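# below is the sequence, then the predicted model.
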Amino acid sequence: MFLIKSKPEKEVLPIINNCKKILYIVCRGCNEVHIYVKEAVNYFEIIKNKFQTTLRILDYICNKEFLNKYISVLSKEINNSDAIVVFSCGVGIASISSALSEKKVFTLCNTFYLTGYKGFNIPYEGKFDCALCGNCYLNYTAGICPITSCSKSLLNGPCGGAKNGRCEVDKTKECGWEKITLKLKSLNKLDILIKQIFIHNHNTQP
Ligand code: SF4
Ligand code: SF4
């Protein structure tokens, strides 16, 4: 079981500040996730006063078939938006970031571990995972989780050991940090890596 909680406004608003039109997607969750829908709606009240905001409440956005359908139905809103902001677990955000790789996608929340059953399956072709770290970094890593995509879970990668795009620890997988860097470059956001140094707060983990 895991829990989704809002990020502080002061962390999120500067990141989306230069956007005018926002598509705000809230995932209602699934069996494994508890989402504070009230917090998600509160964030809508905050951002709609600052940006031209369209709200869509969906469910199971990590499911590939559902997501493709949503993207098709919402194509006008997606095309008209400067950014898509998402209230969901890490897998949901990573799924949208990957499916809409040319768009800016941001998260408004953190995903925490709760004790008990963790029946976390990953319907989106098993491509994405969330380690429930409690401090989501996807806003700085182009929607690719550094904790689960990097074998060393580096927050300030790459380690420099990758060869031909393959991880030095596990050659069967692509270097997560190479993927992050290439995607940030394609979004013209490489400066993020120069400006920020991240320190992992392990107190948020189980
Ligand atoms: S950074 Fe990764 S592990 Fe942490 S909440 Fe985001 S998706 Fe989950
Ligand atoms: S090669 Fe890439 S994925 Fe592997 S440990 Fe180094 S930075 Fe992480």
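Ah, there it is. Residues are numbered from 1 along each chain as shown. Ligands and ions are numbered 1, 2, ... in the order given.

# list the helices and strands the worst-scoring helix or strand of the chain on mean pLDDT packs on?
Lowest mean confidence among the helices and strands of the chain (mean pLDDT, DSSP states H and E): strand 33-35, at a mean of 74. The contact analysis (3 or more CB pairs under 8 Å, 6 or more residues apart in numbering; DSSP states H and E) places strand 33-35 against strand 2-6. Heads up, the C-betas are built off the backbone N, CA and C, glycines and all.

# remind me what the helix or strand following the strand it packs on packs against, helices and strands.
Under the assignment DSSP states H and E, the closest C-terminal helix or strand after strand 2-6 is helix 9-16. Here helix 9-16 touches helix 37-48, strand 83-87, strand 104-107, going by 3+ CB pairs under 8 Å, 6+ apart.

# quick one: average confidence on the shortest one?
Going back to what we said before, that points to strand 104-107. For strand 104-107, mean pLDDT rounds to 95.

# convert it to CSV, retaining C-alpha atoms only.
In CSV, the C-alpha atoms belonging to strand 104-107 read as follows (Å, rounded to 0.1, in the frame of the first residue of the first chain):
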residue,chain,number,x,y,z
LYS,A,104,6.6,19.2,-20.3
VAL,A,105,5.1,17.0,-17.6
PHE,A,106,5.3,17.9,-13.9
THR,A,107,4.2,16.2,-10.7
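
# do that strand and ligand 1 meet at all?
No. Interface with ligand 1: strand 104-107 contributes nothing (CB under 6 Å from any ligand atom), its closest point being 7.3 Å away.

# tell me which residues in that strand are buried?
104-107 (16 or more other CB atoms under 10 Å).

# and the next helix or strand after it, how far out from the chain middle?
Downstream of strand 104-107, the first helix or strand assigned by DSSP H and E is strand 109-113. Distance, stretch centre to chain centre, for strand 109-113: 11 Å (CA atoms, centre = their mean, to the nearest Å).
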